[in-house]
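Chemist: Okay, predicted coordinates and the sequence, questions at the end:
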Amino acid sequence: MEVKDYFKATLTRAENTLLRALDGLSPDDLRKQPAGPGSNPIGWLAWHLSRVQDGWMTRIAGGKQEWEEHGWAAKFGFNGDPPQYTPDNVHTFDGMNAELLLGYYKAVRARTDARLDALTSADYDRELPPPAPGRPAMTVGAVLALIMGDNLQHIGQIAYLRGLIKGQGWY
């Protein structure tokens, strides 16, 4: 199995959990902070994992992010760049509804798959410029590991929070 096929298979397995975890959640469910103020609500987690994947895959492949190219900011009610979220303001994010969150996720995922298909084995060792001053440069392979870790972590959190909110266990 090639690296990109392993990566896509892992994302697909995590995606299946995401789809089940978001199924039937109301906008209020998406906004709840069961661990108290400052904790990440499900809606924010779903949006964030999509934004991270969108941003990093664009750094790998170039071009515009799905967020910019297809007007997702307006769909989520943002004028311009979304704010940077901190524990003090994460509760202000409104995920609106699961369909919107999944629409953005699926658009990002389709773009990710296409970009992965274009990679060659030599690309995994290609170094990308640092994402910000003072941050280290990363290889494409390291960025893919970052995306995978972020997706797995946040989708697990989403499934767990759904269980807290809905009283249903892991599935």
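Modeler: Yep, it's here.

Chemist: Quick one: mean pLDDT for stretch 120-134?
Modeler: For stretch 120-134, the mean per-residue pLDDT is 93.

Chemist: meant to ask about stretch 11-19, not that
Modeler: In the prediction, stretch 11-19 has an average pLDDT of 96.

Chemist: Next one: the most centrally placed residue in the chain from residue 103, what distance?
Modeler: Per C-alpha atoms, centre = their mean, the C-alpha nearest to the average position across the chain is that of residue 49, at 1.7 Å. From residue 49 across to residue 103, the span is 14 Å (C-beta to C-beta, to the nearest Å). Bear in mind the C-beta positions are built from the backbone N, C-alpha and C, glycine included.

Chemist: OK, contacts around residue 45?
Modeler: Each residue near residue 45 by C-beta atoms under 8 Å, 6 or more residues apart in numbering is listed here: 154, 157, 158, 161.

Chemist: no, scratch that, I was asking about residue 54
Modeler: Neighbours of residue 54 in contact, by C-beta under 8 Å, 6+ apart: 65, 66, 67, 108, 111.

Chemist: follow-up on the earlier one: skipping adjacent residues, who's closest to the residue nearest to the centre of the chain in space?
Modeler: residue 154 (4.2 Å; C-beta to C-beta, 6 or more residues apart in numbering).
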